[in-house]
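build me a model:
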Amino acid sequence: MRWKYFFMRWPFWALLRWVNSGKPDWWIAFGAVAGIGLLNKWTFGLFGAALVVALALTPHRRVFRESRFLLAGALAIALVLPHVLWQAHHEWPMAEFSRNARAYKMAGFSPLEFLTSQILIMGPVTLPLWLAGLAYLLASKAMERYRFLAYLFLALLAAHLLSGGKSYYLAPAYTVLFAAGAILIERTPRTAPWKIILRTAAPVVVMAGGLIVAPIAFPVLSPEGYARYAAAIGIEPPRDEKQELGTLPQIFADRFGWENQVAAVARVFRGLPPEEQMQAVIFTRNYGEAGAIDFWGPRYGLPRAISTHNSYWLWGPRGATGETVIVLGATRDKLEGLFASVVEGARHIAVRDAGGNRSSRLRLPRIENCRGRILGGEQALHLSSKLPAEFFSSAPPTGRDGKGPCDS
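Predicted coordinates for the structure are as follows:
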């Protein structure tokens, strides 16, 4: 996500250089950054669409006829084209990922909740500054040539509202509004008696507000300290995803418990007979769990993990046969309808910390003697990807309905 912020700021820089210099060559720089940004995040395409709308609403629309503008679009398309072709060849997995994220993962916001979250994310004390900057861009004759930046921000805001994006996706776009607000303060007539007060108070208030919310944004407190501090200033963790949360927000809570989880898996693995350990595979429901297995697993003598989540789907079975599978996080009732034999290997619920967060939560059933049976389990396990019959190299082929010989 940090790369998205990085790449979204550079197009603003290129646009400002173009406006200030009047040189159309800056569109080439914009096209290059836009193409790389699209490779980093598909939602960067919203920026391009919003920019076209913003330019069309101002006299800058004449740029649509300039060769450098068209060349910038061609350059961006050329950079992202290999990725688009790969997506098309593999039946658009990113589109499927996005659909499933909206359906099963992202909490979603009402328009009012999204707008309120923008104030909280940027900091309530900064609201007057960036709101003044937006108004200045929209209404001031002196800012007429930069007005398209205000339209760009509003178009991006509307796009994220309609697409159901996460609340922080719009954060990089506030850069120009802060800058415009600062320019407004600087351009206040020197004879105004309150200008000195405003020029002094504005940075002091913004910096003080930043210091107040810094422990919420950066991991500078212990979990216990964070819980007390957040309660004292009345801030609750954001609900960007559909999951149970304690007092810690997800970005902090996800820093805890991974090695404990891997250790619990290792105890189950070591409890298998040696011949089953040789063929066992660890199946997880998401890349976080799989990544933890792959990172700490060698320390505990574990095989690599497999998963159908994100890029793990592409990496396939990693040589596993599916004869013996350790599954993280699935319940017995769901697995018994999918496998010939299910044995619960461990039930690990970590003690809650002071913030009310469980350092890890998982159940570890051991599944035996149903080669390839996991192929039919993606729906019951809330896994969205369609596993091909060849996912397990030695699995018997399945029919078009995805059922194998162990399916009822």
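
can we go C-alpha only for contacts and neighbour counts from here?
OK.

so which residues of the stretch 1-150 of the chain form strands?
Using DSSP state E, counting those that start in this stretch, the stretch 1-150 of the chain contains no strands.

what's the burial count for W27?
W27 has 25 neighbours, counted by other CA atoms under 10 Å.

likewise R102?
Neighbour count of R102, defined by other CA under 10 Å: 17.

and D294, how far from T331?
For D294, the distance to T331 (CA to CA, to the nearest Å) stands at 23 Å.

let me fix that: Y104
In terms of CA to CA, Y104 sits 18 Å off from T331.

what about the protein, any weak spots by pLDDT?
1-7, 108, 191-193, 237-246, 337-340, 344-408 (pLDDT under 70).

domain ranges for it, per the record?
The chain breaks down into these domains under automatic domain parsing: 1-102, 106-244, 258-391.

tabulate these (JSON lines), appending distance to F252.
Shown next, in JSON lines, are the domains of the chain (distance: least, CA to CA, whole Å):
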{"stretch": "domain 1-102", "distance to F252": "15"}
{"stretch": "domain 106-244", "distance to F252": "7"}
{"stretch": "domain 258-391", "distance to F252": "10"}
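
among those, which is the most enclosed?
Mean neighbours per residue, mean count of other CA atoms under 10 Å, is largest over the domains of the chain for domain 258-391, with a mean of 18.

which SSE is G322 in?
Here G322 sits in a region with no helix or strand, counting by DSSP states H and E.

with the one 4 residues further on instead?
Assigning secondary structure by DSSP H and E places I326 in strand 324-327.

and that strand, what other elements does it pack with?
Contact partners of strand 324-327 among helices and strands, from 3 or more CA pairs under 8 Å, 6 or more residues apart in numbering; DSSP states H and E: strand 280-284, strand 361-368.

what packs against the shortest one?
It stands for strand 280-284. The contact analysis (3+ CA pairs under 8 Å, 6+ apart) places strand 280-284 against strand 305-307, strand 324-327.

now for the helix or strand following that strand, which elements pack on it?
Note on strand 280-284: by DSSP H and E, the next helix or strand toward the C-terminus is helix 287-300. Under the contact definition 3+ CA pairs under 8 Å, 6+ apart, helix 287-300 sits against helix 258-270, strand 305-307.

how far does stretch 87-94 stretch from start to finish?
End-to-end span of stretch 87-94 (CA to CA): 7 Å.

again with stretch 153-173
Distance across stretch 153-173, first residue to last, is 6 Å (CA to CA).
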